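Trainee: Make a model of this:
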Amino acid sequence: MSGHTDMVLVDDNGMRIDGRTATEHRPIKIEAGVLKNADGSAYVEIGKNKVLAAVYGPRECHPRHLQNPTKAIVQCKYNMQAFSVSDRKRPGTDRRSIEISKITAEALENVVLTELYPRASIDVYIEILQANAGTRCAGLTAASVALADAGIPMRDIVPAIAAGKADGHVLLDLNKEEDNYGQADVPIAIVPSTDEIVLLQMDGNMTREEFDKAISMAVNACHEVYDIQKDALKRRYSVQKGGESNE
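Mentor: Modelled structure (predicted):
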């Protein structure tokens, strides 16, 4: 995020380079139950981002020294495929993926009823197949749907989206150019039933007024993402019911 470019990110009419207004998110597509061999799974597209999430468990936690006798632990692995970006990414774990794995697990632990599964592990895998800014939010959104698809008891589903600032404008759901050349990026995730914030980060600089506007914009958008998540699970459930009735 450099904040310096000759590219016009927002024109005089308030239109962004991809044709959106400041308060519009990119097109979102969510499918639940896309992997047969996982306990739960989801596929998410947000703009040009393509993300796959899989959940396994609850199952006995290994290695055993990680076990908690009073609750399950949520273990998350976020990974960007080498082909997910235009400049080929070096395969393997890096500091960024470790950080995103940790904050994703912490966000999900706020909604999973871990106390029901002492000494267990709930393993979440997030694979970024194609990246175009906002992958941590897309990954968390997918992981939450995958957990629900696995039938794991949760207080709520977690939607996530980012707001930020580019060309001096507060914008929702930054694309790659806005993220690279903008002034700030603020990813956020909430528990929709209470509006509790379970993930909040900030990269860049904003005034207090701009920050408050970005948070309000992102929270409202999270509720829209939440509706799309629920619709994906309803479709998944209706397909399952249809399959059962045909057997």
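
Trainee: The top helix by length along the chain - what's its average pLDDT?
Mentor: The longest helix of the chain (DSSP state H) is helix 208-246. Computed over helix 208-246, the mean pLDDT rounds to 89.

Trainee: So which elements touch it?
Mentor: Counting contacts by 3 or more Cβ pairs under 8 Å, 6 or more residues apart in numbering; DSSP states H and E, helix 208-246 is packed against strand 28-32, helix 135-149, strand 160-166, strand 169-172, strand 184-191. No exception for glycine: its C-beta is placed from N, CA and C like everyone else's.

Trainee: tell me which residues of stretch 40-53 are tucked away?
Mentor: Within stretch 40-53, the residues that qualify as buried are 40-47, 49-53, counting by 16 or more other Cβ atoms under 10 Å.

Trainee: now the end-to-end length of that stretch.
Mentor: Terminal residues of stretch 40-53 lie 8 Å apart, using Cα to Cα, to the nearest Å.

Trainee: Return the distance of that stretch from the chain's centre.
Mentor: With Cα atoms, centre = their mean, to the nearest Å as the basis, stretch 40-53 stands 9 Å off its chain's centre.

Trainee: Could you do stretch 79-95 as well?
Mentor: Its chain's C-alpha centre and that of stretch 79-95 lie 18 Å apart, by Cα atoms, centre = their mean.

Trainee: Once you drop chain neighbours, what's closest to Met154?
Mentor: Val111 (4.7 Å; Cβ to Cβ, 6 or more residues apart in numbering).

Trainee: residues contacting the one you found?
Mentor: Applying Cβ atoms under 8 Å, 6 or more residues apart in numbering to Val111 gives the contacts 144, 154-158, 191, 198.

Trainee: separation between it and Gly151?
Mentor: 14 Å (Cβ to Cβ, to the nearest Å).

Trainee: same check, this time on Ala32
Mentor: In this view, Ala32 and Gly151 are 11 Å apart by Cβ to Cβ.

Trainee: Cys137 too?
Mentor: Cys137 is 24 Å from Gly151, by Cβ to Cβ.

Trainee: just Leu233 next, same as before
Mentor: Leu233 sits 11 Å away from Gly151, going by Cβ to Cβ.

Trainee: These two: who's more crowded?
Mentor: Legend: neighbour count by other Cβ atoms under 10 Å for Leu233 and Gly151, higher for Leu233 (17 against 10).

Trainee: so the more buried one touches Ala32, yeah?
Mentor: Yes - between Leu233 and Ala32 there is a contact under Cβ atoms under 8 Å: 5.3 Å.

Trainee: Overlap of the contact sets of these two?
Mentor: The contact sets of Leu233 and Ala32 overlap at 145, 148-149 (Cβ under 8 Å, 6+ apart).

Trainee: Output these in CSV; the columns should cover distance to Asn13.
Mentor: Formatted as CSV, the shared contacts of Leu233 and Ala32 follow (distance: Cβ to Cβ, whole Å):
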residue, distance to Asn13
Val145, 36
Ala148, 40
Asp149, 42
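
Trainee: most surrounded residue in those residues?
Mentor: Using other Cβ under 10 Å as the neighbour test, those are led by Val145, with 30 neighbours.

Trainee: and Ile100, what element?
Mentor: Using DSSP states H and E, the element containing Ile100 is helix 95-109.
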